[in-house]
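>>> With the sequence up front, the predicted model follows.
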Amino acid sequence: MSDRRDKRDLRSVLKQLEQKGKLYRFREPINKETELLPVYRVQQRGLQDPERKVLLFENVVSAKGKRYEMSVVAGVYGASEEILALGIGCESPSEMLEKWHEGMVHPLPPMLVEDGPVHEEVHTGDEIKNLGLDELPIPVEEPGFSGMLRTGLPMITKDPETGIRNVGTYNGFARARDRMVAAISTTHDAIFYHWQTARRRGEGLPVAIVIGATPEIMLVGSADIPYGMDELAVAGGIAGSPVELVSCKTIPLEVPAHAEAVIEGIISTELVEPRLPFGEYPGYINVDYNVRPVMQVTAVTHRKGAMFTPVLVGFPPSDTNAVWGFCQSAMMYEQLRYGCRFPVEEVYCPQMGGGNNFCLVRIRKDTPENVWQILQAAAGVHAGGKFFVAVDSDIDPRNPDLLIWALSFSMRPEEDISIIPGRSGGLDPSAAPTGSGKGKMESARARGYSRVLIDATRKWPYPPVALPKKDYMEKALAIWSEHSDLPTPNLQRPWYGYTLGHWDERLQQYADLIVQGEYLKVGEEMAKLQEKIREDMMRR
């Protein structure tokens, strides 16, 4: 037992985050129905990315006065991009993309072990009927609008015939102590492959919902990894060690041995229930009454002192948009940079685009033709994207001001915008009016819903960026830092000037003379270039 507790788990991740000042503990009673996620929302809507922390609620109560033994840890998967990076052992987003690549090309198959912490407490039979899901402090996401309690966490299923495993991050809606709704889209692998096979065989589909997995498991479950490739092996590749699995207690599946908790159950292939309103990634409440299969809960297993991990969706910034944005970016980066060998330096899908609809590709231009090839390939990899924008390597895609700068001065609408018809609207409410029944599968066949490709890169040499050169700015920063009564500057790129191709030695000589105080010498040189006015001169 002592050896397995040293393995990588959510608790070791939280310990590292706390050491870096990225975890805050709420010890007072917090109502999970009315207070918990609104408190988390205060942070998400009120603080910038670098200021956000994982929030650990240690004293959770219900609206009916129930006190939970489990705590709730919010934001461990996506409170900020920095926390997401730290969670998988990275210091920067670009490092995350490379670590993802490592997991994809060097997956490590999971390892089955005899026992694990997730089975320290096991509840089955009458315990499920009498307590079951009520043991879990599942918080209300959007109090006043949410019509459900949700687990938006990794679900594990297997094909009943081939044994192919799928890990997908899907919604599970709690409906009774022993009943849930498996809100999985018909296009997702778990339904498209596994559930359909089970239905053809006239049997239910075993499923395990994993609570409190390590961040890399959350990521692989959220990514569109090709069917047949074991997501848990990719997670092992990202972590650098195989994921340890234990056999479930009531169903023929294996789950991470070091997860905080697992809900075991059977998804019906005969019964469905309607969904109720809940927040979705575009930032609006989903009010479509689609029906989804009923799930019968057969067991709840968990660690002692387990932590429940809500995954906030709804209006950005949210956990889902952060996770999904990275996954979409990582899959495009992997294919464009390593599959197509394009000079792609970074791919970024901002949260305000749902982590899905708006995609920025930062490239190093070798030839102008590469830009459109890259944009078209990106749209091919991510069929659900709406806007694909290429920017130069000096444009930070996370800085909206620089994006506006690039769109304003590096792009000509008549030549640098291309519209490709034919795209699924998904959950985008602009695809069709709410309640129309369109905007999902129907819009996939409608050629009017399109993707936009924008080449916002410079097409020829530009003059230098109009800021002082780096050495002068560094000197100025040193002077500023000597004054402790001044606020500490947070310099944004670009914070010094640099050349972009249109600059020659002669112009540099004039600039050097100016900083040496020799403006008269520059004036003497200009005097030599004087000439009489011609009629066309003043029309330029």
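All right, it came through fine. Numbering: from 1, shown residues only.
>>> Am I right that residue 56 sits in a strand?
Yes - counting by DSSP: H, G, I helix; E, B strand; the rest coil, residue 56 is part of a strand.
>>> is it true that it touches residue 11?
No - counting by CB atoms under 8 Å, residue 56 sits too far from residue 11 to count as a contact (11.1 Å). Quick note: C-beta positions are derived from backbone N, CA and C, even for glycine.
>>> Sketch out the low-pLDDT regions of the stretch 1-150 of the chain for me.
The model of the stretch 1-150 of the chain has pLDDT under 70 over residues 1-6.
>>> Would you map the helices across it?
2-5, 10-19, 36-46, 81-87, 93-105, 126-130 (DSSP state H, counting those that start in this stretch).
>>> packing partners for the longest one?
Right, the one you point to is helix 93-105. Judged by 3 or more CB pairs under 8 Å, 6 or more residues apart in numbering; DSSP states H and E, the packing partners of helix 93-105 are helix 81-87, helix 215-222, helix 231-239, helix 319-333, strand 344-348.
>>> Highest mean neighbour count out of the ones you listed?
Across the helices and strands packed on helix 93-105, averaging neighbours per residue (mean count of other CB atoms under 10 Å) puts helix 215-222 on top, at a mean of 27.
>>> And this protein, split by domain according to the record?
Following automatic domain parsing, the chain resolves into domains at 92-308, 319-455, 470-539.
>>> Take those and lay them out in JSON lines including distance to residue 80.
Shown next, in JSON lines, are the domains of the chain (distance: least, CB to CB, whole Å):
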{"stretch": "domain 92-308", "distance to residue 80": "11"}
{"stretch": "domain 319-455", "distance to residue 80": "7"}
{"stretch": "domain 470-539", "distance to residue 80": "15"}
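>>> deepest of these, which one?
Among the domains of the chain, ranked by average contacts under mean count of other CB under 10 Å, first place goes to domain 92-308 (a mean of 20).
>>> The helices of the stretch 1-150 of the chain: which one's closest to residue 224?
Closest approach to residue 224 among the helices of the stretch 1-150 of the chain (CB to CB): helix 93-105, 12.1 Å.
>>> Give me the contact list for that closest one.
The contact list for helix 93-105, computed with CB atoms under 8 Å, 6 or more residues apart in numbering, reads 81, 84-85, 88-90, 216, 219-220, 225, 234-238, 326, 329-330, 333-334, 337-338, 345-348, 398.
>>> same deal with stretch 20-39?
Contacts of stretch 20-39 (CB under 8 Å, 6+ apart): 14, 17, 53-63, 67-68, 72, 74, 82-83, 86, 137-143, 310, 312.
>>> try it again with 6 Å
17, 53-63, 83, 137, 139-141, 143 (CB atoms under 6 Å, 6 or more residues apart in numbering).
>>> and what of stretch 235-243?
Residues contacting stretch 235-243 (CB under 6 Å, 6+ apart): 88, 99, 102-103, 106-108, 110-111, 216-217, 220, 232, 256.
>>> try stretch 453-464
Counting by CB under 6 Å, 6+ apart, 371, 375, 388-392, 406-407, 410-411, 416-418, 497, 499-503 sit against stretch 453-464.
>>> Give me the subset of those lying in strands.
Under the assignment DSSP state E, the contacts of stretch 453-464 contribute 388-392, 417-418 to strands.
>>> Restrict stretch 228-242 to CA atoms and write it as PDB.
Extracted in PDB, the C-alpha atoms of stretch 228-242 (Å, rounded to 0.1, in the frame of the first residue of the first chain):
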ATOM      1  CA  GLY A 228      -8.600   2.400 -31.700                       C
ATOM      2  CA  MET A 229      -5.700   4.300 -30.100                       C
ATOM      3  CA  ASP A 230      -5.800   3.800 -26.400                       C
ATOM      4  CA  GLU A 231      -6.300   7.100 -24.700                       C
ATOM      5  CA  LEU A 232      -4.800   5.800 -21.500                       C
ATOM      6  CA  ALA A 233      -1.600   4.800 -23.300                       C
ATOM      7  CA  VAL A 234      -1.300   8.400 -24.600                       C
ATOM      8  CA  ALA A 235      -1.900   9.600 -21.000                       C
ATOM      9  CA  GLY A 236       1.000   7.400 -19.900                       C
ATOM     10  CA  GLY A 237       3.200   8.800 -22.600                       C
ATOM     11  CA  ILE A 238       2.400  12.300 -21.400                       C
ATOM     12  CA  ALA A 239       3.100  11.500 -17.800                       C
ATOM     13  CA  GLY A 240       6.200   9.400 -18.600                       C
ATOM     14  CA  SER A 241       4.900   6.300 -16.800                       C
ATOM     15  CA  PRO A 242       2.100   3.800 -17.400                       C
END
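>>> Check the offset of it from the chain's centre.
Put simply, stretch 228-242 sits 18 Å off its chain's centre (CA atoms, centre = their mean, to the nearest Å).
>>> Repeat that for stretch 413-430.
22 Å.
>>> what's the first-to-last distance across that stretch?
23 Å (CA to CA, to the nearest Å).
>>> For it, give the mean pLDDT please.
Stretch 413-430 shows a mean pLDDT of 84.
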